[in-house]
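Q: The amino acid sequence is not available; the structure is as follows:
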């Protein structure tokens, strides 16, 4: 799915969160969005999913405007958001018609949980719950997968395993993907292109030309990670300095 935004803007009361975002994501591309907290990353994802409406501008999917919920997209959140009163297979099948139950079973196989379909969510580990959430997203065969920091709460090893799983499924299925993350290494490991949001605008774009699967010990990997991290930390320092200056002026 080809994704385009045109002069996309969003406000919450008097606070402007996004300012005229113009973005094109070719079909099948994997894009990572990084930036400081409050820069508008999750808001952009919700607009792409159709969970919120922009104040100005719009979103196009294969040239068609998105009005309301984007039914060809699925979103994963930091919290797996499984229904505790439904078994795993029933959670995966949420939003899928009866004929799609076979796809739900297949999706569980894809994420490595073929024998957990009758379990309750409460008995699963954090990583397993996120695998179920990923299976739920895949069961409807989305053309666009939106990932809102879905691995942030996992331990380091489980997080790397999930990154590899997501990458393998993306390579196999060919859907477009947009990942919001605070982890620069995760962005370099997964993305074709990294965008940095700053104060609601796209402030930096970095191409990731590394072959897949990517070696985290590779010098170019470390260079790209450092480049993105330095820019984010640099912006945080600027914001902090401005805030301190404002405090001093107000005190005077």
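A: In hand now; what should we look at? Bear in mind that the values here come from a model prediction, so they are computed numbers and not experimental data.
Q: Tell me how far residue 190 lies from residue 221.
A: Applying C-beta to C-beta, to the nearest Å, the value for residue 190 to residue 221 is 12 Å. Yep, even glycine has a C-beta here, placed from its N, CA and C like the rest.
Q: Mind checking which of these two has more residues around it?
A: More neighbours surround residue 190 than the other of residue 190 and residue 221, with 24 against 17 (other C-beta atoms under 10 Å).
Q: which ones are touching that one?
A: 30, 32, 163, 166, 167, 177, 179 (C-beta atoms under 8 Å, 6 or more residues apart in numbering).
Q: CSV please, covering these and showing secondary structure.
A: Shown next, in CSV, are the contacts of residue 190 (DSSP: H, G, I helix; E, B strand; the rest coil):
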residue, secondary structure
30, strand
32, strand
163, helix
166, helix
167, helix
177, strand
179, strand
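Q: any idea which of these is closest to residue 149?
A: Residue 149 has its nearest neighbour among the contacts of residue 190 in residue 179, at 8.3 Å by C-beta to C-beta.
Q: Identify the bridge partners of that closest one.
A: residue 32, residue 147 (DSSP bridges).
Q: quick one: it and residue 31 touch, right?
A: Yes: counting by C-beta atoms under 8 Å, residue 179 does reach residue 31; the two are 7.1 Å apart.
Q: Show me the common contact partners of those two, please.
A: residue 191.
Q: quick one, which of those two is more surrounded?
A: The residue with more neighbours, out of residue 179 and residue 31, is residue 179; 28 against 21, by other C-beta under 10 Å.
Q: OK, contacts around the more buried one?
A: 30, 31, 32, 33, 147, 186, 187, 190, 191.
Q: from the residues you listed, which two are the most distant?
A: The span of those, defined through C-beta to C-beta, is set by 31 and 186 at 12.9 Å.
Q: about what we covered before: just send the contacts of residue 190 back as a markdown table, with distance to residue 142 and pLDDT too.
A: Output for these, formatted as a markdown table (distance: C-beta to C-beta, whole Å; pLDDT from 0 to 100):
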| residue | distance to residue 142 | pLDDT |
| --- | --- | --- |
| 30 | 14 | 98 |
| 32 | 18 | 98 |
| 163 | 19 | 96 |
| 166 | 13 | 97 |
| 167 | 16 | 97 |
| 177 | 10 | 98 |
| 179 | 14 | 98 |
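Q: what's the closest of those to residue 234?
A: Of all those, residue 32 has the smallest distance to residue 234: 18.5 Å, by C-beta to C-beta.
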